[in-house]
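# what's the 3D shape of this:
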Amino acid sequence: MGIIRIFFIFIILSTSLFAQTNNKIVRFDDKYFIIHTVKAGESLNKIAGTYKVKVNDILKSNEMQRNLYYNQQLYIPIELNDSIISFRENKTKKEKINIALLMPYYVEKNDTMFDGFEDTSKVSSLYFTASEVALSFHVGVKLALDSLNKQNVNIVLHTFDTNNDTNKVLNIVRSGKLEKMDYIIGPLRAKNFNLVCQKYGNSNKILINPLSRIANDVKKYKAVYQIYPRIEDQLREIVKFIDRKYKNKKILILHQNDEVAHVNSLKRSLSKNKLNEINSHEIIYTHVDSIRDIFSPFQLVLIPSTNKAFVSKVLSSIRCLDSTSVVFGLNSWVKYDNLDIDDLMELNLHLPISNQLNYFQEFDQQFIKLFEKTYLTNHTKYSYNAYSIIMHFFGNEKLYSFKKLLNGGYVNTTMPIYNYYDYDLILAE
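Model (predicted):
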């Protein structure tokens, strides 16, 4: 992990430059929008005339009434044509884009933990372990920015050490250093990300929540882009997959008492096709004898749970049954270290996963090749996640599809279904 230590040193030496970009062009759901900030005295008719669009198109895109207010952020729909692409490329090349990266680098901890270390030859490969996610993520960001800068995309990265500390994040927000940022990525913890949202959540900046699965802020703040898919969107993706691949198969939904809302959402979605027999069961005791009677020779099993212990126990019990099941779970299960890989393969576990590296896709192959060539080591999942985010928002790659929430921001709905096969996760379709 010497590369991580190298980037820790780079972060300590980094300095900040500031600039501001106006009227950014963004993309989601295969559509392009210009971000327009309402000025004093502007009307909808005037704004529509400026961009040569209809007033109703502006109202629909922003889910709003006709009333405007000063500094309001509007998304103006534009046609994707050669002139727009040219405008976007020229603007990106000429103007400086400022990105703030707020991560728990633990700079002071890393800088002092090796004072007096006897074997100094090993220091370059050591680091404070709590900073590993941040430093790995930073490596991916830097790799992507280096690639884009070679394409004359003028991006300046500003790093801020949050130390995973609420007070430190508050100091960063209150310092005014984020005022001239165009994009803010992080902080990682939901509580700290919320502090940034309280200040800039409805501004003309773009706030990217890169790793957290907690989606409270995206429901309230219009500037937020949530990368990790919400549970309700994961369940919709599972239902669509079942509708394509497993019509007329019996479905069991196993859940705990506090997961009833997800169960009801699943039932509503599944019942629309009226082709499957659907039964749900609240599981109080996970022992195999407690669930044996509800299983048939074959069924689909949906478990909409993020309870790590519950998931592990239920999967182990299902495998012990004299029955065949295809099991569907959630994105977060990928991180669970208490799941037996043999159980997952035996149960033909399917998961909706965002940001899963696929060795058969050209973009992922290019990333692996570039990472290994640049750093002479293997990539990490956080480096891949960071690289993908940067290339989507600032490059020409379309890696995510975002859905606009009513009175809120944008949630990622790109999460292909993967399943376990031969000790690996592979694309299920």
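# Where does E232 sit: helix, strand or coil?
Assigned with DSSP: H, G, I helix; E, B strand; the rest coil, E232 falls in the helix class.
# now the closest residue to it other than its chain neighbours: how far from P297?
Using C-beta to C-beta, 6 or more residues apart in numbering and skipping the chain neighbours, the partner closest in space to E232 is S265 (5.9 Å). The C-beta positions use only the backbone N, C-alpha and C, and glycine is treated the same way. S265 sits 28 Å away from P297, going by C-beta to C-beta, to the nearest Å.
# Could you check which of these two is surrounded by more residues?
Under the criterion of other C-beta atoms under 10 Å, the comparison of S265 against P297 puts S265 first, with 16 against 9.
# looking at it, that one is touching D233, isn't it?
No - counting by C-beta atoms under 8 Å, S265 does not reach D233; the two are 10.5 Å apart.
# Give the buried residues for the helix or strand encompassing L315.
Counting by DSSP states H and E, the element that carries L315 is helix 308-319. Buried residues in helix 308-319, counted by 16 or more other C-beta atoms under 10 Å: 310-319.
# Stretch 376-391 now?
By neighbour count, with 16+ other C-beta under 10 Å as the criterion, the buried positions of stretch 376-391 are 379-391.
# if we can go back for a sec, and the residue nearest to E232, that's in a strand?
No - assignment of S265 by three-state DSSP gives helix, placing it outside any strand.
# I'd like the next helix or strand past the lowest-mean-pLDDT helix or strand in the chain.
Within the chain, confidence by mean pLDDT, DSSP states H and E is lowest for helix 82-94 among all helices and strands, at a mean of 44. Scanning forward in sequence from helix 82-94, with DSSP H and E defining helices and strands, the next element found is strand 97-103.
# Could you write out the alpha-carbon coordinates of that next one in PDB?
Once non-C-alpha atoms are left out, strand 97-103 reads as follows in PDB (Å, rounded to 0.1, in the frame of the first residue of the first chain):
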ATOM      1  CA  ILE A  97     -13.700  23.900 -12.600                       C
ATOM      2  CA  ASN A  98     -13.100  23.800  -8.900                       C
ATOM      3  CA  ILE A  99     -13.800  20.600  -7.100                       C
ATOM      4  CA  ALA A 100     -13.700  20.300  -3.300                       C
ATOM      5  CA  LEU A 101     -12.900  16.800  -2.000                       C
ATOM      6  CA  LEU A 102     -13.900  16.400   1.700                       C
ATOM      7  CA  MET A 103     -12.400  13.200   3.100                       C
END
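# That strand pairs with which strands?
The pairing partners recorded for strand 97-103 under DSSP bridges are strand 155-161 (parallel), strand 183-185 (parallel).
# Compile those into TSV and extend it with columns for mean neighbour count and distance to G408.
As requested, those are exported to TSV (neighbours: other C-beta atoms under 10 Å; distance: least, C-beta to C-beta, whole Å):
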stretch	mean neighbour count	distance to G408
strand 155-161	20	25
strand 183-185	25	17
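# Which parts of the stretch 1-150 of the chain are strands?
Under the criterion DSSP state E, counting those that start in this stretch, the stretch 1-150 of the chain contains strands at 25-28, 31-37, 73-78, 97-103.
# and I214, which of these is closest to it?
Closest to I214 of these is strand 97-103 (C-beta to C-beta; 16.1 Å).
# if we can go back for a sec, show me which of the buried residues of stretch 376-391 is closest to K180.
I390 (19.4 Å).
# can you dump the C-alpha coordinates of the helix or strand the closest one falls within into PDB?
Assignment of secondary structure by DSSP H and E places I390 within helix 381-394. Extracted as PDB, the C-alpha positions of helix 381-394 are listed here (Å, rounded to 0.1, in the frame of the first residue of the first chain):
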ATOM      1  CA  LYS A 381     -13.000  -0.700  -5.000                       C
ATOM      2  CA  TYR A 382     -12.900   2.900  -3.600                       C
ATOM      3  CA  SER A 383     -10.400   4.000  -6.200                       C
ATOM      4  CA  TYR A 384     -12.700   2.500  -8.900                       C
ATOM      5  CA  ASN A 385     -15.700   4.300  -7.400                       C
ATOM      6  CA  ALA A 386     -13.900   7.600  -7.300                       C
ATOM      7  CA  TYR A 387     -12.600   7.200 -10.900                       C
ATOM      8  CA  SER A 388     -16.100   6.400 -12.200                       C
ATOM      9  CA  ILE A 389     -17.700   9.400 -10.400                       C
ATOM     10  CA  ILE A 390     -15.100  11.900 -11.900                       C
ATOM     11  CA  MET A 391     -15.300  10.400 -15.400                       C
ATOM     12  CA  HIS A 392     -19.100  10.600 -15.300                       C
ATOM     13  CA  PHE A 393     -19.500  14.200 -14.100                       C
ATOM     14  CA  PHE A 394     -16.500  15.600 -16.000                       C
END
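# right, and the helix or strand after it?
Helices and strands here follow DSSP H and E; after helix 381-394, the next one along the chain is strand 402-404.
# contacting residues for the residue nearest in space to the middle of the chain?
Of all residues in the chain, the one closest to the mean position by C-alpha atoms, centre = their mean is I227, 1.9 Å from it. Under the criterion of C-beta atoms under 8 Å, 6 or more residues apart in numbering, the contact list for I227 reads 208-211, 354-355, 385, 389, 400, 412.
# now the residue lying closest to Y246 once chain neighbours are set aside: how far from H281?
For Y246, the nearest residue in space outside its immediate sequence neighbours is L300; the separation is 5.7 Å by C-beta to C-beta, 6+ apart. L300 sits 14 Å away from H281, taking C-beta to C-beta as the criterion.
# Need the overlap of contacts for these two.
L252.
# more neighbours, these two?
L300 (22 against 13).
# what about M345, neighbour count?
What M345 shows, counting by other C-beta under 10 Å, is a neighbour count of 15.
# Count the residues that sit near the nearest residue to V38 once chain neighbours are set aside.
Residue nearest to V38 in three dimensions, not counting chain neighbours: Q72, with 4.2 Å by C-beta to C-beta, 6+ apart. Counted with other C-beta under 10 Å, the neighbours of Q72 add up to 17.
# For Q72, give its distance to I58.
When distances are taken as C-beta to C-beta, Q72 and I58 turn out to be 11 Å apart.
# Over to L427?
Plainly put, L427 is 38 Å away from I58 if you go by C-beta to C-beta.
# Looking at the two, which is more packed in?
I58 (21 against 14).
# From Q65, how far off is the more buried one?
For I58, the distance to Q65 - C-beta to C-beta - is 11 Å.
# shaky segments in the stretch 151-300 of the chain?
Within the stretch 151-300 of the chain, the stretches with pLDDT under 70 are 273-275.
# can you pull out the strands in it?
155-161, 183-185, 206-209, 224-226, 251-255, 278-282, 298-302.
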